[in-house]
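Colleague: sequence? don't have it. structure:
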Ligand code: WTA
C-alpha cells in the first residue's frame, strides 16, 4: 500500500550549483521586457462590481489574514466541505509543517485526523443538495459532431460502477491503480472511482511510450490498469492497447505483473476484433461495467491519506512520483479554482489540458467538480479539423471560462484572425493561461482578439508539486500586465532568493522559493523521501525551491522567467534533459549526448541534442531519424528532439563536466559571446561544433 513514508534526512547533500543555471542566463533567454511593466489592463467597472474579489484592498485583507492565521483561514473554508469526522483542533491548529531540513525531516500535514472523501465532495454532496440533474461533463469528441454529456447523477452512477469493479478485483484502500487513457469521460470517471474507495490513482499521459509506462508501473505496482484500445487525435489513430501490452510485458520481465487490464472499447477509433487481446488479463470495459451496482459505499479516508501519484520530470534521474494527499488538496484546488477564475454558478468551464498532467487533475477534474461546475472535456486538438475549432466549441457550449496553454495560443495566432472572428465568443468572461511563461505578444493577442478586450486573463503559475495555483491574478481585483502572473494566492508566501539562499526584497531577480506550506503541498516523492528533500528543500534552507527564476517589479508583480535547472518546457510539457540524453544513449550507435533548450516560436522551447557517435560510425539522415525514434520509444513523441547536432566531441571542463552554457549558445547561434572557453579541456571542440551546425 502507498503511504507518505517520511524517511530520515541523514543523506542530504547540498545541490551542486551546476544543476542551476545562472539567473542572468535565464533572464536573457526570456522575452520579458520592462516596457510591459507599465502597461496595465484593468477590468471594466461592471466586471469588478460582480467579481468575487472586487478590489486589491479586499485581496490584501484576505491575503493578510491567510498569512496571519492560516489555520483559521483554511479551516473556515474546509468547513464548507463534508467531513465524516472533523479534524481535531488542538489550539485551533489544523496544520503542521517543517520546511527546514536543518530541523529534521521535511513534513507537511493539513487537517490530519479529519476523515473525508474527495469523490463524495465532488459528486454525492451536490446530488444530495438537489443538483443531480445538472450537467457535470459536456464531452466533445475529436471530430466535430461527436459529443456526449453526463449529469452529476449519471456521473456518480458510472463512478460507482467502476468503483465496484475495482473492489471486485481486490483493489483496497492504499492500493495503486494505473490509468492510461485519452480524454474520454472514462478518464475522470476512473480517477473518481479510485478516490471513492481510497485507492491511489496514477494517471499516465497517453502520449507516453511503452517504456515510460512500464517504468511507472514498476514504480507503483498497480493491481489494475485502466486503458482503451485506441484513440483518434486530429487526423491520426493511435493504438494504445499495443503500447499497454508492450509495457505490461516489460513490467512482467522485471517481476511486476498487473492482474487486470480493463480496456474501454473506443470503437470510433478501432474495432474490438482488431484489438490485440490477452485472455484472463484483459477485460472489455463495456462488457462488465453495466453489471455492477450504481451505488457504492464511500471509503472515508484520513485527510493525509494519499489521493494520487503523478510522475514528473526533474533535472536528473528517473521521473519522480509526486504524491498528493486528500484533505488539503481538496480544499486548495476547489478554492483556487473558484477565486482565480471568479467562478460562479452558471459558468461553463473549459480547460484544454489532458488529465494526464497536473492541470487535468486539479482543474479539469477535482477543482471544478468540487465547485459543482459544468465542465467541457475535449478529446481532440486545438487545430483539428481547423484553427477555428476552439472557438466553435466555445460557441457550441457557451463557454464562459476558457483555460489553455501559451503554446496553443501561439499556434492559433499563426492562423490569423479569420478563424477566431468567424465565431462570436460572446459567452467568454474569463481566460486563463498555464504551463509556461506567456510572452507579452501572445498575451495581447489572447486578450484583444480572443477575449475582445473584455475578459481578464488569469496567468496561473504553479506546478505538479504545488497541486494548485500559487501565483495568479484574481479576475477584476487588480490591473493585469501582459506576461506577469501578478500576485500570490491566499496563504502563499513567495520568496526570491539569491545564490547564497538569502532572501532579496523589493525589485529583483531571484530563484523562486516558497516559505511555509500551503494545503496542497506535495507530501513526498513516492518511495524516495530523501530525493524530495534534496531536490526541493536542500538547495535553499528553510524554503521550498520551485526550480523557476523570477523577477519582481516595482509594483510587486511577479514575472516568471522559466526554469533554472535542466528541465525543458516544450509546449508546456516538462522534460528532463537527463531523460532525453539517456534515451539517445540507448541507441546502439550513440556514444554520448547532451541536450539543451532553444527558444521556439510556437512550443516555447524546443529540444536540441548534441550527439557524439561511437567510433567509426558515420553521420547520416537515417541515423538522425533513428536517434529521434529512440526518444519516441523511450519517452514518447512529445519529447523528440527538434534538432540533432553532430558532435565529434562535447565541450568539457578538465574535470569532465559538460559545459551546457556553451552548448546553449551554439544551439541558439549566439556566437558573439561564448564566454570564457579557456577552462575547457579542449577548446578546439567549440569551433568544430560551430562548423557542424548545418550538417
Ligand atoms: C512552468 C504545470 C510561467 C514553470 C501547471 C513550472 C509556468 C512548470 C506557468 C511546472 C506560468 C507553469 N508562468 N511558467 N503561468 N505555469 N509554468 O509541473 O516552469 O507540468 O515550474 O505544472 O511549468 O510544470 P508542471
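Modeller: Perfect, thanks for sending it. Small disclaimer: the values here were computed from a predicted structure and weren't measured.

Colleague: in the stretch 551-695 of the chain, what residue comes closest to the ligand?
Modeller: residue 560 (3.5 Å; Cβ to the nearest ligand atom). Glycine gets a C-beta too; all of them are placed from N, C-alpha and C.

Colleague: helix or strand: which one has that residue?
Modeller: strand 558-563 (DSSP states H and E).

Colleague: after that strand comes which helix or strand?
Modeller: strand 567-570.

Colleague: got the contact list for the strand holding residue 560?
Modeller: 26-27, 29-30, 32, 37, 436-437, 461, 471, 483-488, 494, 509, 512, 547-553, 569, 605 (Cβ atoms under 8 Å, 6 or more residues apart in numbering).

Colleague: among those residues, name the ones in strands.
Modeller: Counting by DSSP state E, the part of the contacts of strand 558-563 found in strands is 494, 509, 512, 547-552, 569, 605.

Colleague: what about this protein, any weak spots by pLDDT?
Modeller: Scanning the chain for pLDDT under 70 picks out 1-33.

Colleague: now do 80
Modeller: Low-confidence segments of the chain, defined by pLDDT under 80, span residues 1-35, 315-317.

Colleague: packing partners for the longest helix belonging to it?
Modeller: Assignment by DSSP state H gives helix 152-168 as the longest helix of the chain. Helix 152-168 sits against strand 135-140, helix 186-196, with contacts defined as 3 or more Cβ pairs under 8 Å, 6 or more residues apart in numbering; DSSP states H and E.

Colleague: so how far is that helix from its chain's centroid?
Modeller: In this view, helix 152-168 has its centroid 26 Å away from the chain centroid, taken as Cα atoms, centre = their mean, to the nearest Å.

Colleague: redo the helices and strands packed on helix 152-168 as CSV? Include mean neighbour count.
Modeller: Shown next, in CSV, are those (neighbours: other Cβ atoms under 10 Å):
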stretch, mean neighbour count
strand 135-140, 22
helix 186-196, 27
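
Colleague: can you put these in JSON lines and add distance to the ligand?
Modeller: Listed next are the helices and strands packed on helix 152-168 as JSON lines, based on distance: least, Cβ to the nearest ligand atom, whole Å:
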{"stretch": "strand 135-140", "distance to the ligand": "21"}
{"stretch": "helix 186-196", "distance to the ligand": "17"}
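
Colleague: CSV for these, including distance to residue 426?
Modeller: Compiled in CSV, the helices and strands packed on helix 152-168 are given as follows (distance: least, Cβ to Cβ, whole Å):
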stretch, distance to residue 426
strand 135-140, 18
helix 186-196, 28
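
Colleague: contact residues of the chain facing the ligand?
Modeller: 312, 357-359, 433-437, 459-464, 485, 546-548, 560, 562-563, 569, 574 (Cβ under 6 Å from any ligand atom).

Colleague: what about the helices in the stretch 201-350 of the chain?
Modeller: 210-220, 240-253, 285-288, 327-340 (DSSP state H, counting those that start in this stretch).

Colleague: and the first one, what does it pack onto?
Modeller: With contacts defined as 3+ Cβ pairs under 8 Å, 6+ apart, the packing partners of helix 210-220 are strand 176-180, strand 200-203, helix 240-253, strand 306-312, strand 320-325, helix 621-634.

Colleague: between those, which gets nearest to residue 336?
Modeller: strand 320-325 (13.8 Å; Cβ to Cβ).

Colleague: still on that earlier bit, drop anything exposed from the residues of the chain next to the ligand.
Modeller: Buried subset of the residues of the chain next to the ligand (neighbour count, 16 or more other Cβ atoms under 10 Å): 312, 357-359, 433-437, 459-464, 485, 546-548, 560, 562-563, 569, 574.

Colleague: once you drop chain neighbours, what's closest to residue 47?
Modeller: Among residues not flanking residue 47 along the chain, residue 476 sits closest, at 5.0 Å (Cβ to Cβ, 6 or more residues apart in numbering).

Colleague: ditto for residue 510
Modeller: Using Cβ to Cβ, 6+ apart, the closest residue to residue 510 is residue 496 (2.9 Å).

Colleague: now the residue of the stretch 551-695 of the chain closest to the ligand: how far from residue 635?
Modeller: According to Cβ to Cβ, to the nearest Å, residue 560 and residue 635 sit 25 Å apart.

Colleague: cool, and residue 134?
Modeller: Counting by Cβ to Cβ, the gap from residue 134 to residue 635 is 40 Å.

Colleague: so for these two, which sits in the more crowded spot?
Modeller: residue 635 (24 against 16; other Cβ atoms under 10 Å).
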